[in-house]
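>>> Have a look at this fold, sequence not included:
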């Protein structure tokens, strides 16, 4: 259908539109008009992606003079494919003369079609296998030798051949290309899909890729460098965006890293000796280059560049490399001293916390490496490895980590801290020393994005409380709004359960969690629910250790055996393969009617990325409030920083973080309006206003006052009633009462006054 | 509220025909019972209370709700096959599968799920034979993880009910697959003109199956067995899947009365899918009623009986009641009213149109209308909802009670019938 939003004609790929989608588009359009950033919360299952894509493409069509480019960031490859599929749906509805090129970009692991490289197990090893075949020196060597003597990648050669005829030669016709399509085209034409995609993103109207390509300075420097200001950046499912930003700038060094780094250094030193014997000219050329102040080797061929400097573009020094690390041997000895120093620090018996300035000073006094040398570590290593023509970069990850660390610690003085822990707090008997450089300020990584691009849209199903995000990320949104869901029937039923069947309070508060009464009450709750609820139930616990403990106790009490009479039990573990298998079997058990319970952990893989829609999740129980491990040094340091810098109280942040995780967990259960599901928050603390009010609006609006302080038997009664009501046939369009689907005519008749109703 | 109730009662009394007066009396007696004499859980009146937007309690208009409900059902039934000329399966072979697993002992239905299910099954069997005199029913129960056949396919309601009432205990798990396998085997033997159906009354929320249930569903689909499920507590994915695959219907009951209602929806014959049953000629016998005082050995009770009974036209054996199959020669025995009773399924009375009453309409005031069925006046009763209906063909007006009576029991429109009569009189004159 086609309709007008103010002066823009919007093409929408469905015959009907939800009122909240219309509202969403309206706000988005205003944000684009204002060329500002915006923050929009809309529940899952309301067609966020469709609304976003159709508005932004339509907007760009309506302003042909300065076409907007859309950079759409998703968290997973799966979401990427879903987004592109949605865009493909939109394509036929656009005016016929539209030339829209959209594609997804992912790592080589997902795009490569060369069987030799693809056989490698991990992402890093595929990258390095690719480099082994395509690095510029390998190719020039292959060109000198007789064909077949040195292996190269035929796909890349063909692509390079074609690309040498100018960018138009490898241009694909307008359309939507998913990763799968790109691979198919690559096989068909014999072109390398990865480099084809890298080439095409410069010309594409829509690029769908991962968060890291914009937020992690190491990757962004390579991939997104050429993006212009006229871009709309969308971060979808962005409720954890602050954590992504922080992780991008944090480094942790373990004993294994240091040992690996030592091995790497030995390898490098051998290589240097070899080069000295055979090709001393290259080393000399590098030295001269460094004197001129080019840490990078000018414009590298696309295949040679790997990760860029970990520091943000504005903070990178543009001067000559200091003299004492210009020579390869000297640099090597600097690195050796640094590794030795770090090894010494790791042998500590106590937990140590330091600020970067003190750390750098200590490095200077103990190892004789000054701040400037540290700053150049990363680029100097990069340059050295290129000169030495090292292709198996995956073996050199350890020394790269060390250089990362060195560069970051010396570049930033604020917003970071260094924490050395000799062992894990929870297992004090096992020595596991780790040195962490942790970033506390999420705004550091994302600020360049805000500065560089015209509009940044941050959107998710759970962004509550919406006023905290601008403070955490340190930006000023022109629009921040939270939408609720318009429903034809009450298809979600959140409940807060505060008491067990014996009327005693339940909680995972530290002093209560090991109380056998609480454990039993939680068990009884689960038992009652498995008997009353069909198909799938998902349970979320606050941590792995808590889950282990409570499942053990349930087993001893015989509760687990009783549960098994009704439903099969599956458990998430830290092993990805095991968990995937468990999930598969869980789905099977739900499909064939046996019924199943899935035990999972908030903040785990399952809580973030797996949907439990339809019969796969009729009920989700959140046992406890998923606070972070509050004794963690990193968290404490971050809290202190947030308090000092952004005036965010520790308690506020902790509650906010716990509640967004809880909302994320329970939000797994409902993915569309036709679906239905129940949510039980089983902890007495949820009934308190300060906790509850931080839940997203679409859950709060269905949380009735009567459901705030329930005991197990009352919850059971409500659940039964709800399930019976939901099992009745219903009218999708909403019948006579509230309209939840608007047709084109409805939209045309719409005035602002009626919109307020929704 | 009180005045409102009074109003309602008056409507009902006004509407009720002479025949129903006795029933009305009984109902009133029930209502007259003191509050403490009634079972606490039978009438959870507080649950049916509804709030409006501002949180005020909304008065309950049960009569109009009831009627609206009935209208919706009627229209749904009428609209589904209306598009094409529909063939109905009048000869049905139905297995009633009753879940007597552990879940059936729960007491969210009063007195227990099992009691409600068995009571419902009894009503259903009677209603089923009333509506489908040419059909057969068999009983299967699920218990302790296995399915067991209680009775063979047969045409007599009483023996089925007796067998059912003998099994009043529940235990163990439920297995849908076992039940379907069993039914599949037995329904494989029925003649090709019959419509094969399974109706499952399912209390459990899961099924413990020995093998892959999907294969069994495929088999049912191949054997053209129509599976329907009435659930007691919540929607279960696998039941929904079975019903969708085999063309049956899946419903979930809200409470005791809703359960009965859903169950009885399965009594009228479903629309037949052409390829499901081949059209065929069937041999039937129309036995004569034996004269009073004749002594004969009854073939069903195996003892001498005096008077009554019917005699099979082929082998002269005596049977007690119709319809049935002759024990000796296997001939289907029916009486002609049975055949005639099945007839109305093919030519149902079209649903009547709702007439919205307009209290201010003066023309209506002047000519007080009366229901064509019961001759009660259709005056303004104070409520502004639909109060009467009119037949689309003869334009006669009927009250709500007559509307239900005509569609559920009479199956003929008195207005149209009398028109036809008067026309024939005119022709004679």
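Noted; the coordinates are in hand. Being a predicted model, the structure only gives us computed values, none of them experimental.

>>> switch to C-alpha atoms for all contacts and neighbour counts from now on
Noted.

>>> just to confirm, which helix or strand has residue B:151 in it?
In this assignment (DSSP states H and E), residue B:151 forms part of strand B:146-154.

>>> list the helices and strands that strand packs on?
strand B:92-99, strand B:136-143, helix B:157-165, helix B:176-187 (3 or more C-alpha pairs under 8 Å, 6 or more residues apart in numbering or on different chains; DSSP states H and E).

>>> Mean pLDDT lowest where, among the ones you listed?
Lowest mean pLDDT within the helices and strands packed on strand B:146-154: helix B:157-165, a mean of 86.

>>> Need the residues that contact it.
Residues external to helix B:157-165 that are found in contact with it (C-alpha atoms under 8 Å, 6 or more residues apart in numbering or on different chains): B:118, B:122, B:125, B:126, B:129, B:138, B:139, B:150, B:151, B:154.

>>> Also stretch B:242-252?
Here stretch B:242-252 has contacts from A:724, A:727-728, B:217, B:220-221, B:224-235, B:239-240, B:259, B:262, using C-alpha under 8 Å, 6+ apart.

>>> quick one, what contacts the nearest residue to residue B:144 once chain neighbours are set aside?
With C-alpha to C-alpha, 6 or more residues apart in numbering or on different chains as the criterion, residue B:144 has its nearest non-adjacent residue at 3.8 Å, and that residue is residue B:172. Taking C-alpha under 8 Å, 6+ apart, we find residue B:172 in contact with B:101, B:102, B:143, B:144, B:145.

>>> Can you show me the helices along the stretch 201-350 of chain A?
Ranges of helices in the stretch 201-350 of chain A, per DSSP state H, counting those that start in this stretch, are A:212-215, A:217-223, A:241-248, A:255-278, A:280-291, A:328-346.

>>> cool, and the stretch 51-200 of chain A?
Using DSSP H, counting those that start in this stretch, helices in the stretch 51-200 of chain A cover A:77-90, A:108-111, A:115-118, A:123-134, A:136-144, A:154-163, A:179-189, A:193-200.

>>> circling back to that earlier point, now render the helices of the stretch 201-350 of chain A as a markdown table, adding mean pLDDT, mean neighbour count and distance to residue A:450.
Below are the helices of the stretch 201-350 of chain A laid out as a markdown table (pLDDT from 0 to 100; neighbours: other C-alpha atoms under 10 Å in any protein chain shown; distance: least, C-alpha to C-alpha, whole Å):
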| stretch | mean pLDDT | mean neighbour count | distance to residue A:450 |
| --- | --- | --- | --- |
| helix A:212-215 | 88 | 22 | 11 |
| helix A:217-223 | 81 | 21 | 14 |
| helix A:241-248 | 90 | 20 | 13 |
| helix A:255-278 | 91 | 16 | 34 |
| helix A:280-291 | 81 | 16 | 33 |
| helix A:328-346 | 92 | 18 | 35 |
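
>>> what are the phi and psi values for residue 351?
Picked chain A for this. Here is the backbone geometry of residue A:351 (degrees, to the nearest 10): phi -70, psi 130.

>>> that answer is for a different chain, and I need it for chain B
According to degrees, to the nearest 10, residue B:351 has phi -60, psi 140.

>>> Look up the pLDDT of it for me, please.
Reading off the model, residue B:351 has pLDDT 79.

>>> remind me which residues of the chain are low pLDDT?
The chain I'm using is chain A. A:293-307, A:313-318, A:731-740, A:750-758 (pLDDT under 70).

>>> that's the other chain; I wanted chain B
B:1-87, B:272-280, B:356-368, B:378-387, B:421-429.

>>> Point to the residue nearest the middle of it.
By C-alpha atoms, centre = their mean, chain B has its centre lying nearest to residue B:264, at 2.7 Å.

>>> Would you quantify the distance from the nearest residue to that residue once chain neighbours are set aside to residue A:409?
Spatial nearest neighbour of residue B:264, excluding adjacent residues (C-alpha to C-alpha, 6+ apart): residue B:124 at 5.9 Å. Per C-alpha to C-alpha, to the nearest Å, residue B:124 is found 80 Å from residue A:409.

>>> quick one, which of the two is more surrounded?
Legend: neighbour count by other C-alpha atoms under 10 Å in any protein chain shown for residue B:124 and residue A:409, higher for residue A:409 (27 against 21).

>>> If you count contacts, what does the one helix or strand the more buried one maps to end up packed against?
Using DSSP H and E, residue A:409 maps to helix A:397-411. Under the contact criterion of 3+ C-alpha pairs under 8 Å, 6+ apart, helix A:397-411 touches strand A:251-254, helix A:255-278, helix A:356-367, helix A:371-387.

>>> Residue A:694 in helix, strand or coil?
coil (DSSP: H, G, I helix; E, B strand; the rest coil).

>>> Tell me which stretches of chain B form helices.
B:2-15, B:21-32, B:62-82, B:113-131, B:157-165, B:176-187, B:213-222, B:237-246, B:256-264, B:336-343, B:362-366, B:400-405, B:414-428 (DSSP state H).

>>> neighbours around residue 229, how many?
The chain I'm using is chain A. With other C-alpha under 10 Å as criterion, residue A:229 counts 14.

>>> right idea, wrong chain: chain B
For residue B:229, using other C-alpha under 10 Å, the count is 22.

>>> Contact partners for it?
B:199, B:200, B:201, B:202, B:239, B:243, B:248, B:249, B:250, B:251.

>>> on that earlier part again, so the residue nearest to residue B:264 versus residue A:402, what's the distance?
Counting by C-alpha to C-alpha, the gap from residue B:124 to residue A:402 is 78 Å.

>>> buried stuff in the strand holding residue B:151?
B:146, B:147, B:148, B:149, B:150, B:151, B:153, B:154 (16 or more other C-alpha atoms under 10 Å in any protein chain shown).

>>> Taking helix B:157-165 as reference, get the angle to it.
170 degrees (axes from the mean of the first three to the mean of the last three C-alpha atoms, to 10 degrees).

>>> quick one: strands adjacent to strand B:146-154?
strand B:136-143 (antiparallel) (DSSP bridges).

>>> Can you pull the domain assignment for chain B?
The record, using automatic domain parsing to delimit domains, assigns chain B the ranges B:2-70, B:89-276, B:284-343, B:353-428.

>>> try chain A
Split by automatic domain parsing, chain A gives A:2-100+A:205-243+A:454-482, A:249-440, A:492-727.
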